[in-house]
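>>> Here is a sequence together with a model predicted from it:
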Amino acid sequence: MVSPENPSFDTIEVFYSRQRLHSSNGYLSAVEFESQPKAA
């Protein structure tokens, strides 16, 4: 099971999820999407 106490969680959350491209946000990584200016 993947949980915050599990070392696999860190690998997934810190590395994979931040680098993976998401089709729902224009194929940006989560970090790139979050760093965009917010729409007014």
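That came through, no problem. Numbering: from 1, shown residues only.

>>> Find the residue ranges of this protein scoring beneath the pLDDT cut-off.
Counting by pLDDT under 70, the chain shows low-confidence ranges at 1-5, 17, 40.

>>> Apply 80 and report the result again.
Per-residue confidence for the chain (pLDDT under 80) gives these ranges: 1-19, 21-22, 30, 39-40.

>>> Can I get the longest helix along it as CSV, trimmed to CA atoms?
For the chain, the longest helix by residue count, based on DSSP state H, is helix 30-35. Extracted C-alpha coordinates of helix 30-35, given in CSV (Å, rounded to 0.1, in the frame of the first residue of the first chain):
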residue,chain,number,x,y,z
ALA,A,30,2.0,19.7,-12.1
VAL,A,31,4.9,22.1,-11.2
GLU,A,32,4.6,24.0,-14.5
PHE,A,33,0.8,24.2,-14.2
GLU,A,34,0.9,25.5,-10.6
SER,A,35,3.5,28.1,-11.5
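
>>> Tell me which stretches of this structure form strands.
Secondary structure of the chain (DSSP state E): strands at 21-22, 28-29.

>>> just checking, what packs against the longest helix of the chain?
Judged by 3 or more C-beta pairs under 8 Å, 6 or more residues apart in numbering; DSSP states H and E, the packing partners of helix 30-35 are helix 17-19. No exception for glycine: its C-beta is placed from N, CA and C like everyone else's.

>>> List the contacts of the nearest residue to residue 26 once chain neighbours are set aside.
Leaving aside its sequence neighbours, residue 26 sits nearest to residue 33 (C-beta to C-beta, 6 or more residues apart in numbering; 7.8 Å). Counting by C-beta atoms under 8 Å, 6 or more residues apart in numbering, residue 33 touches 22, 25-26.

>>> Output those as CSV; include the columns distance to residue 38.
Converted to CSV, the contacts of residue 33 look like this (distance: C-beta to C-beta, whole Å):
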residue, distance to residue 38
22, 17
25, 13
26, 15
